[in-house]
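# turn this into a structure:
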Amino acid sequence: MQTRENFKARIGFIMTSAGCAIGLGNVWRFPFITGQYGGAAFVLFYLIFLLLLGAPIMVMEFAVGRASGKSAVRSFHALEPAGTKWHFFGYFAAAGNYLLMMFYTTVAGWMFSYIFKSARGAFSGRTPDEVAQIFTALLANPGEQVLWLTVVVVLGFVICLRGLKNGVEKTSTVIMTSLLVLMLILVARAVTLQGAGRGLAFYLKPDFSKMAAYGIGEVIFAALGQAFFTLSLGIGSLAIFGSYIGKENALTGEALHIIGLDTFVALMAGFIIFPSCFAFNVNPGQGPGLIFATLPNVFNAMPLGRLWGTLFFVFMSFAALSTVIAVFENIIAFAMDMHGWSRKKAVCVNLVAVFLLSLPCALGFNVWSGLQLPKIGGIQDIEDFLLSSTLLPAGTLVYLLFCVSRYGWGFENFLREANTGRGLRFPRILRPYVTWVLPAVTLIIWAAGYVQKFLAQ
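Down below sits the predicted model:
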């Protein structure tokens, strides 16, 4: 059995955990869904739900990880009451991490490919239709898709091969610092564009009449869902980092630091995208294609557009890579905990496994594009649905019940672990809320995902 590493510094834990939470959900999904649902009013509800939902569940994941000293696949073994079967969930948590990487690596590959496309001027002088066609051509090209998928998988596992301190912690700290610097540069450029004021007003000034136009219930549910899923809670992807830290600091304050960074990145992405879109009369509510098919047109219209476009996709790639590294570390820890493998063996086996498991998504836009499920869609849609609408809410419910139920770890054990160390403590007064309200909300989100997918017209 290998000796377990720990983080060298608190900042490394915060940056790595934030890197896991910060990803394409912040800088890709958040801006376009905000655009779709009317801007600032949506953002207001999103921030409220992030605190009400995200913070308690994140504290629970960290507490289970730190108390057990194990990855999600073994943490329940260490803490569950004798004779109970909570540990079965560990295998579903492991499946969730693999499933996330089965499609996330492909999307991360798109980001890396766009760095080079932008740098070499592939979008320069193109019409909007021609820019959109570049993305369509990328999806249709199996060789290019697999190439960039390979780059992401190899790069992520090579970083993890160097270990927790010298690989994951050090790289995540550099990536997150660089991401924040790049973001501030891009924000400064965007908000000083002529006409950016309209975008800032759209983003910052709540207009609840826009909510009425979409349906207040739909907007609130969209904000609830974005807050719930942006942190990727429920599959133990953050619990592992709890297992790598000491008892010096209470966990509520650590969770709020990470949620603060996550929220800051999402909000700053909006400060880049909305002023840019309004300055060049681009509809910010165009959906997932906003980043790849629309924003290159914005950079085309800017002075030094090739430079700003390249920096933007470097920023996007850093956000994606931070999540890839963090989840790969989870996957490696699963193998080391379950089989007693060395880090090197766990990396080599999983590099091959993740690459092969990711191929269906990359090929699902071209060679296997005919594989479709009614009401769901192609391979990437199927994988995303299984994760977002099934494993994430189910896993969140398991963590909640495990931490509050006397048939699980129990609230007193959770509270003792969460409040060990200096800093902000988890309030005991929240016990009824986390015992009854949060599980009910989680069940509603879980059910609504299926209703929306299969029963809505």
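
# number of residues surrounding residue 274?
27 (other C-beta atoms under 10 Å). Just so you know, the C-beta spots here come from the backbone N, C-alpha and C atoms, and that holds for glycine as well.

# which element, helix or strand, includes it?
Using DSSP states H and E, residue 274 sits in helix 251-279.

# after that helix comes which helix or strand?
helix 295-301.

# what does that next one contact?
The contact list for helix 295-301 (C-beta atoms under 8 Å, 6 or more residues apart in numbering) reads 114, 118, 123-126, 128, 131, 134, 273, 276-277, 279-280, 282, 305-306, 308-309, 312.

# which positions within the helix holding residue 274 qualify as buried?
Buried residues in helix 251-279, counting neighbours by 16 or more other C-beta atoms under 10 Å, are found at 251-259, 261-263, 265-279.

# with stretch 214-225 instead?
219, 220, 221, 222, 223, 224, 225.

# need those in CSV with pLDDT, can you?
Shown next, in CSV, are the buried residues of stretch 214-225 (pLDDT from 0 to 100):
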residue, pLDDT
219, 82
220, 82
221, 79
222, 81
223, 83
224, 80
225, 77
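
# let's have those in a markdown table, adding distance to residue 7.
Rendered in a markdown table, the data for the buried residues of stretch 214-225 read as follows (distance: C-beta to C-beta, whole Å):
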| residue | distance to residue 7 |
| --- | --- |
| 219 | 39 |
| 220 | 37 |
| 221 | 37 |
| 222 | 35 |
| 223 | 33 |
| 224 | 32 |
| 225 | 31 |
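
# among these, which one lies nearest to residue 45?
residue 223 (3.8 Å; C-beta to C-beta).

# quick one, phi psi at the residue nearest to the closest one when sequence neighbours are not counted?
Closest residue to residue 223 apart from its sequence neighbours, by C-beta to C-beta, 6 or more residues apart in numbering: residue 45 at 3.8 Å. As for residue 45, its main-chain torsions (degrees, to the nearest 10) stand at phi -70, psi -40.

# if we can go back for a sec, of the buried residues of stretch 214-225, which pair is most distant in space?
219 and 225 (10.8 Å).

# quick revisit: what's near enough to touch the residue nearest to residue 223?
219, 220, 223, 224.

# in helices, which of those fall?
Among the contacts of residue 45, the residues falling in helices (DSSP state H) are 219, 220, 223, 224.

# buried among the contacts of helix 295-301? Make that a ChimeraX selection.
Only the buried entries of the contacts of helix 295-301 go into this ChimeraX selection, using 16+ other C-beta under 10 Å:
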select :114,118,123,126,131,134,273,276,277,279,280,282,305,306,308,309,312
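
# which of the contacts of helix 295-301 fall in strands?
Among the contacts of helix 295-301, no residue falls in strands (DSSP state E).

# what's the single longest helix in the protein?
For the chain, assigning by DSSP H, the longest helix comes out as helix 305-339.

# next, the angle helix 251-279 makes with that one.
150 degrees (axes from the mean of the first three to the mean of the last three C-alpha atoms, to 10 degrees).

# check which element follows helix 305-339 along the chain.
helix 343-363.

# who's in contact with that following helix?
By C-beta under 8 Å, 6+ apart, helix 343-363 touches 2, 98, 101-103, 105-106, 109, 142, 145-146, 149-150, 153-154, 157, 160-161, 163, 328, 331-332, 335-336, 339, 341, 368, 379-380, 383.
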